[in-house]
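In: take a look and give me a structure for this.
(4 chains)
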2 protein chains.
Amino acid sequence: MKDSLRRFKAEIFQGLAHPTRIAIVEALRIGELPAGRLIDQLELEQANASQHLSVLRAKKIVVNRKVGNQVFYSLRDPVLIDVLDILRRYFSSQLTDTVNMLEEMGPEETARKSATPPKMRRKAGRRARNTTGRT
Amino acid sequence: MKDSLRRFKAEIFQGLAHPTRIAIVEALRIGELPAGRLIDQLELEQANASQHLSVLRAKKIVVNRKVGNQVFYSLRDPVLIDVLDILRRYFSSQLTDTVNMLEEMGPEETARKSATPPKMRRKAGRRARNTTGRT
DNA sequence: TGAAAATATTCTTCAATTCGAATATGCTTG
DNA sequence: CAAGCATATTCGAATTGAAGAATATTTTCA
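Out: Numbering: from 1, shown residues only, chains lettered A, B, ... in the order given. This is a model prediction of the structure:
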C-alpha cells in the first residue's frame, strides 16, 4: 500500500530529524568512519553519540562493520547526501525570505512563533490580494 | 555557521516526519489545494489536518493563501517533491535488500523471524561481521 | 589473567508530539 | 444581524524523544 511507503518515508525523516544525526550523516559523506572518530570530530559525548547512532541504525540510514575493537559506520545509501544537498539550496532561498520578512516586521515581533504570520493589520498594509508572496 | 544549517535541516525533516504530513505534501505535488479538499481526499479529521498543516506552515514547508472562505495550500518549494522522489528510490532499494535477505534465509526461518517482529529487547545492536553491502 | 580501550545499553528526568474534543475566528449570504 | 460554512486554536492525556550518568560488553594487549 501507499501508506506503508509513507510510513517508511516518515521514519527516514524522523531518523534525520536531529542536528546531531545530520552532522553524523554529513561526516560520513566522505566515507566510512569509526564511531570514535565521529565522536571527537563532532565533539559528542560518547553515550549520546552511541544513542544517535543507534537511531540511525534502527532507521537503516547507516550500516556498521566491526573491525577488531572498533565499529565503522557508513551511509547505507549515498542518495541521502543528495537529499541534504538539496536542502542546502532550499535553506538559502528560505533564508533570503526570512531576512526580508524580519526586516519588514522589526525586532519586537521577531521572537514569535511563525504559525500565523503577525496577523496583518489591514489598516496600512494594503498590498493587493496576493499577500502570500508565492512563486 | 554550519550548525544553524543543520538545525534548519533537522527542522525540515521533523516537519516531514509524519505520514499524514507526507501525504499532504504529496497531495500538493500537483499544485495548490484548499484545506477542505485535502481533508476529504486524505480522509482526515478537520482539527487534526489543521494541526498538521500548522506544523507544515511553521516549518515553512507549505504556504497558504486565503480566498474568501477557504485557504489554499501549496508547497513553498517544489524541490521537496524531489526529496520525496529520491526517497521512493531509496525505499525500493531497501525493499529489495530485505527481500533478498528473506530469500537467503529460507522459508522456515523467515516464518519464525517474521513471527517475532514485535521489537524485542535489543534494538539492532548485534549484527557482527560485514553484513555491509558497501560498494 | 587482568586492565584498558572502544562502543553499546539502561535508567531517570524533562520536553516535545500527537490526538480527539471542544471552542474560536473569519467570511459570506440571507 | 444571525446562521452557517471553512478553518484554526486550545486543552488534557498518552506517547515518544533527548540528555546525562552509570554500567555493560567485547576486544586487545601486557
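
In: what residues are up against the nearest residue to residue A:31 once chain neighbours are set aside?
Out: Leaving aside its sequence neighbours, residue A:31 sits nearest to residue A:74 (Cβ to Cβ, 6 or more residues apart in numbering or on different chains; 6.6 Å). C-beta here means a position set from N, CA and C on the backbone, and glycine is covered the same way. Counting by Cβ atoms under 8 Å, 6 or more residues apart in numbering or on different chains, residue A:74 touches A:28, A:31-33, A:62-65, B:132, B:134.

In: same deal with residue A:99?
Out: The contact partners of residue A:99, by Cβ under 8 Å, 6+ apart, come to none.

In: I'd say residue A:17 and residue B:8 touch.
Out: No - with contact defined as Cβ atoms under 8 Å, residue A:17 does not reach residue B:8; the gap is 11.7 Å.

In: the helix or strand hosting residue A:36: what's the following helix or strand?
Out: Using DSSP states H and E, residue A:36 maps to helix A:35-42. Downstream of helix A:35-42, the next assigned helix or strand under DSSP H and E is helix A:46-58.

In: please report phi then psi for the residue nearest to the spatial centre of chain A.
Out: For chain A, residue A:17 is the residue whose C-alpha lies nearest the centre (Cα atoms, centre = their mean; 5.5 Å). For residue A:17, the backbone dihedrals (degrees, to the nearest 10) come out as phi -80, psi 50.

In: so is stretch A:71-86 next to DNA strand C?
Out: Yes - Stretch A:71-86 is in contact with DNA strand C by Cβ under 7 Å from any atom of the strand, via residue A:71.

In: and that stretch, which residues are buried?
Out: A:71-77, A:80, A:83-84, A:86 (16 or more other Cβ atoms under 10 Å in any protein chain shown).

In: partners of the one helix or strand the residue nearest to residue A:31 maps to in the sheet?
Out: Assigned by DSSP H and E, residue A:74 belongs to strand A:70-75. The strands beside strand A:70-75 in its sheet (DSSP bridges) come out as strand A:33-34 (antiparallel), strand A:62-67 (antiparallel).

In: near DNA strand D at all, the shortest one?
Out: No - against DNA strand D, strand A:33-34 shows no contacts by Cβ under 7 Å from any atom of the strand, the least distance being 12.7 Å.

In: again with stretch A:41-49
Out: Yes - Stretch A:41-49 reaches DNA strand D (Cβ under 7 Å from any atom of the strand) through A:45, A:47-48.
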